[in-house]
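Chemist: Task: produce atomic coordinates for the following.
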Amino acid sequence: MNVETQSSLYNKFKELLDKMKNKEKPLVVFTLHELNCDDTKQFFQVTTELISSGINFAIAKQIDKRMWHIIKQQIDIELKSISPDVDEEIKQFYDLRINFLKTIIKNLTQQNQLGGLKNDNEFRQFLANLYCYAGELHEHLGRRLEKMNKQPKDNYKFADLFYNKAISIYPFQGKYYFLIATLMRQFQDTFNAACCLQKAHFAQIPYNCKENMNEVFEINRTHYNEWAKHIKPASELDRDTYLRAFMVYLIRFSTIVFTKIGFEELPQLANMYQHLQEYFKIVKTNVHNDHKQQYQLLLKVIMITNFGLHHSLTTFQLKTVQDIKDNDLVRESIKYVYGLYVNSLDFILKYLLQNSMKNLDQVPPVTFLQLVIPIIYYLFDQPLICTYLLSEYPSLNDKLAQIFLYSRQNLYQAENQSNDLFQFQSQLNEQFHSFLFPFEMPLVGFTCYNHVLQTFKQQSSTYKEEDNQTSIILFYVCEQIIQQLHGIQIQTVKEPKWEQEIPKELIKKLIIIDGMNVAMRYGQEQSQAAKFCSQGLKCALEFWVKRGHEVMIILPDFCFNESEINKKKESNKNNINKLPDDVKLLLEMKNKGYAYGVPNWNYDDSYMIQYAREKGGLILTNDRYNDHIRALESNIVERERLKEWIRNNCISYTFLQNELVPNPDQLKRI
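Modeler: Residues are numbered from 1 along each chain as shown. Predicted structure coming up:
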């Protein structure tokens, strides 16, 4: 709506406002249904149009308040001496206000598309603010009913629903989490109050709630001290008590991390993992009735842990592994982060093994596999922490490697059911970069995940397709991200029990053959002069196919076009040795789905590196890709990532008597 129309509506609003102000007040209080007069209807209509016109929310809220203030004066609902049913009148008045907002929300959602889930989406923010405002009205009504000794429980429940709806629409605003935290405190729920306060603090639009956090931390400290005095042995507790005990310990840990007070207590908190392990044992065998609730609880635990870790990183401005080792608080804190990560991953793995995809047993295993996402996304975005954790705690490396293998297994099963492997993989990659999936939504809106989501997501649309496809994407994401973690080693899995459970085909790897490099090397071995020999690609292809691996040969597009090759021979005779000698053989491999063309001769290496990194593949090449590394001179972190990836994922080779001989040391990692 344009400014001129908004101005006209605002003038009309003020005119009606003055009219209502000057309206003669009745001698007695009239009931709310008497508001249904022409003047009031017109007032409602103009106000609705004005608020819906796209004005600033703060102005819209003031307009709404001014309208209801005048109406409230007209009906004078607070004069208890006149109206015996004033309690009900107050409730009806609030209900009328809330329904008025709901009508505006309904009209706005019918007339507009939500658009991408971005921080700068003004419509999403405006709509979320309306939901939040409705929640605040419910909460205010609840407090008034409490003062009148009425039961406000339903109003608080509705307030919570409206606040959560606001978060689902626009998760970047810390105030929404803060409002939920105040409700949680009202119900003595210290754990969820602490969770929401930390979310408010780490939201992209943060809410200043440090004092509130300190109050909750102090309440929890008292709980912790009492708990520590009377806690029974872990073997004597039930599931819920295990969880409550762990939560009290966890919030105490968060208190120490955030306030830097009580560092000497950290060793005493190690008991938290005994309670967590016992809790996991019970959940693993009996989770069917409330698996969604258990998932949400564990997700909060992981998020709290990551918030604390991120707070330490930003507070102390750590830049090297040695910085971590030299900082006692951070080093000890990370030890506890490791404990939570490895226990959570161990639970996920055991649950996956117990409930295979062939026997879902009521609860899909991927329900808990989603818990891997907040861990690996944060580790991907923080290579320093990732390197330190994986080098100091090899068992964490093993757990992540096992998740990688499980995900790869399920991807292979899905790939085998597709008619076109290359199209299947391309579609997965496109979907991953184009949508925000349900398992990623809990991370949206927080500073510690903002960069990694911006890195992966070209768009910000939410995915609403079938659950099966979401599961496949989840496997794809786990496979792609884990193999790119800084310092990860996926060559071996140390737990024999897990190895026995993995089908043999799981070890199959994607081998990408650097077509130009291999063909030229073969030609050099055969004729002592570097020239493109197509037979070398056939030898390399047969070597890997016989060993059960998935193979792709990457070549520039022109290699499959006889007329293009002839033109190049005529135009540049100096490069004639770089042109294929047997196009028919190359086309045969292409038609069988082994060879693929890429658009530009100069960028075939770029395609290979990007695709191999995304798919967890290895490249057969003698090229060290130094030009690609030099191109990242200004981005030190990404340059080091690429150097390490090339070192670990490129296989050098030679040819001996028409047979491919890969580097035996590098072959061990397959």
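
Chemist: show me the contacts for residue 551.
Modeler: Contact partners of residue 551, counting by C-beta atoms under 8 Å, 6 or more residues apart in numbering, are 510, 511, 512, 513, 541, 544, 545, 594. Where you see a C-beta, it was placed from the backbone N, CA and C, and this is true even at glycine.

Chemist: nope, residue 171 is what I meant
Modeler: Counted by C-beta under 8 Å, 6+ apart, residue 171 has contacts 117, 203, 441, 444, 445.

Chemist: Please apply the same query to residue 597.
Modeler: Applying C-beta under 8 Å, 6+ apart, we find residue 597 in contact with 555, 556, 557, 559, 560, 590.

Chemist: I figured the fifth one hits residue 588, correct?
Modeler: No: under the criterion of C-beta atoms under 8 Å, residue 560 makes no contact with residue 588, lying 10.4 Å away.

Chemist: The two: which has the busier surroundings?
Modeler: residue 560 (19 against 14; other C-beta atoms under 10 Å).

Chemist: ok so, going back, turn the contacts of residue 171 into a markdown table, including distance to residue 348, secondary structure and neighbour count.
Modeler: As requested, the contacts of residue 171 are exported to a markdown table (distance: C-beta to C-beta, whole Å; DSSP: H, G, I helix; E, B strand; the rest coil; neighbours: other C-beta atoms under 10 Å):
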| residue | distance to residue 348 | secondary structure | neighbour count |
| --- | --- | --- | --- |
| 117 | 27 | coil | 22 |
| 203 | 27 | strand | 21 |
| 441 | 19 | helix | 14 |
| 444 | 22 | coil | 22 |
| 445 | 24 | coil | 24 |
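
Chemist: quick revisit: make a PyMOL selection of the buried ones in the contacts of residue 597.
Modeler: Buried subset of the contacts of residue 597, written as a PyMOL selection, criterion 16 or more other C-beta atoms under 10 Å:
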select buried, resi 555+556+559+560+590
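
Chemist: Excluding chain neighbours, what is closest to residue 129?
Modeler: In space, residue 129 comes closest to residue 57 once its chain neighbours are excluded; the distance is 4.4 Å by C-beta to C-beta, 6 or more residues apart in numbering.

Chemist: Could you count how many residues lie near that neighbour?
Modeler: 17.

Chemist: what separates it from residue 66, distance-wise?
Modeler: 15 Å (C-beta to C-beta, to the nearest Å).

Chemist: Sketch out the helices for the stretch 451-600 of the chain, chain order is fine.
Modeler: Remark: helices assigned in the stretch 451-600 of the chain by DSSP state H, counting those that start in this stretch are 467-483, 496-501, 515-527, 534-546, 562-571, 583-591.

Chemist: least reliable of the ones you listed going by mean pLDDT?
Modeler: Mean pLDDT is lowest for helix 496-501 out of the helices of the stretch 451-600 of the chain, coming in at a mean of 38.

Chemist: follow-up on the earlier one: what would the contacts of residue 171 look like in TSV with pLDDT?
Modeler: Listed next are the contacts of residue 171 as TSV, based on pLDDT from 0 to 100:
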residue	pLDDT
117	86
203	95
441	93
444	94
445	94
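
Chemist: how about those in TSV, adding distance to residue 380?
Modeler: Listed next are the contacts of residue 171 as TSV, based on distance: C-beta to C-beta, whole Å:
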residue	distance to residue 380
117	20
203	21
441	18
444	16
445	18
